[in-house]
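Colleague: What follows is a predicted protein model with its sequence.
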Amino acid sequence: MARLFGTDGVRGIAGEDLTAELAFKLAKACAVVMLKDTEKPLAIIGKDTRKSCDALEAALSAGFFSMGVDVASVGIIPTPGVAYLTKSTRASCGVMISASHNPAAYNGIKFFDEKGYKLDDTLEDEIEEVMKDPVKMTSNVEAKEMGKWRQREADVDQYIKHLKDGVSSDFTSFRVTLDTANGAAWRIAPEVFAALGAKVHIINNQPNGININEQCGSTHTKSLQEKVVQTKSHFGFAYDGDADRLIAVDDTGAIVDGDKIMALLALRFKEKNKLPKNTLVTTVMSNVGLELALKEQGCLLVRTKVGDRYVLEEMQKEGYVLGGEQSGHIIYLEQSTTGDGLLTSLMLTSLMAEKKEPLSKMASVMKSYPQVLVNAKVQNKLKDQYMDDPEICSEIKCLEKEMDGKGRVLIRPSGTEALVRVMLEGEDQEKLSRLAKKLAKVIEERLG
């Protein structure tokens, strides 16, 4: 049986893969693993704007109730809002119902511990093991001890206040266009920016349950790019469905992705002596241009495997405060326990206010290098053995030597297909394509 939890909670097509029955069992197992020694346990539940969220929330609540756990429903709120409220209200755990940037047909469930952090692999594995044990899943809670439901949508205002309180800059000189992806930030984002004095233009802020992320938000920025130019906005921000990601658009309509945002924030924090060990944490997918831009300014880059949870683990282990992903998940541990698109957009706006420079000029601090991806078809049972083959290793070393520090070779086995993905970065796209195909051919010959 495949592992139930993925890199960011449990996800699937709502009603097919992710059913109300599964949500009910997840809540019960969560209560057994996480809340067994808690007196008067309380779970906070938030959601995005998908139509399927209500059914999943009801099922999760019923599962918690049956185990004697109270539920506080905070309604539609960004994922980082659930993380913040779980910690600030001293709840026992938090649950967010969202499939992030995925289409409306999908949904997901992710859990947070009492400190507002996503669960590590060990806790998730424990929850999965409990779900397989009918005895542990049986509730012995008497009717009088069952959990009760509390509606606490007003708690969202605490998260809004937290965001505004972290800003000391004046936004009154800025025109900003916001794309909320018809998702969890549809009300909060324009409210926060307007309260801080910005003139706000907004698009994709009319959620109807089925239009979340539909040709909008952080994965579809075309409409935002056009609107920024049309309204002569100083910049634009695109969030994803649960607003834990941010992709920016500069004053010319060009995309400023997570790598460039991290470069700007990291270098500014270094100037202020607020970047421990002058180090930024990101994943293996971030562009080599980020690494080179930081190196030029005396900063280091530490890479992890794909997933913001692994970025966070590295940050906590080594005492770093800033990290994230190219996709726009940015974690700033001084103010948040998880990626927060709204917080990131406020930090970036504050930086522009301090520098008094357009985003297009600021973002030029980093040059994005071309990337080429080629798939090598291999035997599924051999796809994880590429580093054990001397000929493949020799070819990789030759490519790295040829790039001479101006590029990068990344090899990743597919998680779902009989493929090994070969990604090369460097200055010359034509050359990269030739080298990537050559390496993929070697891999296919050795492992196919």
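Modeller: Alright, I've got the coordinates.
Colleague: Just the helices from the stretch 301-448 of the chain, written as ranges.
Modeller: 308-318, 341-355, 359-363, 390-403, 429-447 (DSSP state H, counting those that start in this stretch).
Colleague: who touches the shortest one?
Modeller: This points to helix 359-363. 234-235, 248, 250-252, 254, 256, 260, 264, 348, 351-352, 355 (C-beta atoms under 8 Å, 6 or more residues apart in numbering). Quick note: C-beta positions are derived from backbone N, CA and C, even for glycine.
Colleague: So which of those are in strands?
Modeller: Cross-referencing the contacts of helix 359-363 against strands under DSSP state E gives 235, 248, 256.
Colleague: so Val409 makes contact with Leu439?
Modeller: Yes - using C-beta atoms under 8 Å, Val409 is in contact with Leu439, at 7.4 Å.
Colleague: so what's in contact with the two at the same time?
Modeller: Residues touching both Val409 and Leu439 (C-beta under 8 Å, 6+ apart) are 396, 399, 422, 424.
Colleague: I'd like the residues you listed laid out as CSV, including neighbour count, distance to Gly319 and pLDDT.
Modeller: Formatted as CSV, those follow (neighbours: other C-beta atoms under 10 Å; distance: C-beta to C-beta, whole Å; pLDDT from 0 to 100):
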residue, neighbour count, distance to Gly319, pLDDT
Ile396, 19, 32, 89
Leu399, 20, 34, 87
Val422, 26, 34, 90
Leu424, 28, 33, 90
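Colleague: nearest to Cys93, of the residues you listed?
Modeller: Minimum distance to Cys93 across the shared contacts of Val409 and Leu439 is 40.7 Å, recorded for Val422 (C-beta to C-beta).
Colleague: and the closest one, what are its bridge partners?
Modeller: Here Val422 sits in beta bridges with Val374, Ile411, going by DSSP bridges.
Colleague: Could you list which residues are in contact with it?
Modeller: Val422 touches 373-376, 409-411, 436, 439-440, 443, counting by C-beta under 8 Å, 6+ apart.
Colleague: same thing with Leu419?
Modeller: By C-beta under 8 Å, 6+ apart, the contact list for Leu419 reads 375-378, 383, 413.
Colleague: now do Ser169
Modeller: 349-350, 353-354.
Colleague: And the residues you listed, which two are furthest apart?
Modeller: Spatially, the most separated pair among these is Thr349 and Glu354, at 9.9 Å (C-beta to C-beta).
Colleague: Can you pick out the residue with more neighbours from these two?
Modeller: More crowded of Thr349 and Glu354, by other C-beta atoms under 10 Å: Thr349, with 23 against 13.
Colleague: What is the neighbour count of the nearest residue to that one once chain neighbours are set aside?
Modeller: Ranked by C-beta to C-beta, 6 or more residues apart in numbering and with sequence neighbours excluded, the top spatial neighbour of Thr349 is Phe171, at 6.1 Å. Neighbour count of Phe171, defined by other C-beta under 10 Å: 23.
Colleague: Check the contact between Phe171 and Leu196; I expect there is one.
Modeller: Yes - using C-beta under 8 Å, Phe171 is in contact with Leu196, at 4.3 Å.
Colleague: In the protein, where is pLDDT below threshold?
Modeller: Regions of the chain meeting the criterion pLDDT under 70 cover residues 1-2, 415-416.
Colleague: picking that back up, out of the contacts of helix 359-363, which end up buried?
Modeller: Taking 16 or more other C-beta atoms under 10 Å as the criterion, what is buried in the contacts of helix 359-363 is 234-235, 248, 250-251, 256, 260, 264, 348, 351-352.
Colleague: returning to that earlier point: need the max-distance pair from the contacts of Leu419.
Modeller: Greatest spatial distance among the contacts of Leu419 (C-beta to C-beta): Lys377 and Pro413, at 12.0 Å.
Colleague: neighbour count winner among these two?
Modeller: Ranked by neighbour count (other C-beta under 10 Å), Lys377 and Pro413 place Pro413 first, with 18 against 14.
Colleague: what number of residues lie near the residue nearest to that one when sequence neighbours are not counted?
Modeller: Computed as C-beta to C-beta, 6+ apart, the closest residue to Pro413 that is not its neighbour in sequence is Lys383, at 4.1 Å. Lys383 has 21 neighbours, counted by other C-beta under 10 Å.
Colleague: Do I have it right that Lys383 meets Ile411?
Modeller: No - with contacts counted by C-beta under 8 Å, Lys383 stays clear of Ile411, the gap being 10.3 Å.
Colleague: can you list residues touching both of these two?
Modeller: What both Lys383 and Ile411 touch, as defined by C-beta under 8 Å, 6+ apart, is the set Val420.
Colleague: Chain neighbours aside, what residue packs nearest to Met34?
Modeller: Nearest residue to Met34, sequence neighbours excluded (C-beta to C-beta, 6+ apart): Cys93, at 5.4 Å.
Colleague: Phi and psi next, for that neighbour.
Modeller: Here is the backbone geometry of Cys93 (degrees, to the nearest 10): phi -160, psi 170.
Colleague: Domain map for the chain?
Modeller: Per automatic domain parsing, the structural domains of the chain span 10-153, 166-363, 371-447.
Colleague: For these, could you give me JSON lines that also reports distance to Arg3?
Modeller: Output for these, formatted as JSON lines (distance: least, C-beta to C-beta, whole Å):
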{"stretch": "domain 10-153", "distance to Arg3": "7"}
{"stretch": "domain 166-363", "distance to Arg3": "13"}
{"stretch": "domain 371-447", "distance to Arg3": "10"}
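Colleague: didn't Val306 look like it was pressed against Gly6?
Modeller: No - taking C-beta under 8 Å as the definition, Val306 is not a contact partner of Gly6, at 11.2 Å.
Colleague: returning to what we had before: closest to Glu114 among the contacts of Leu419?
Modeller: In terms of C-beta to C-beta, no member of the contacts of Leu419 lies closer to Glu114 than Pro413, at 35.7 Å.
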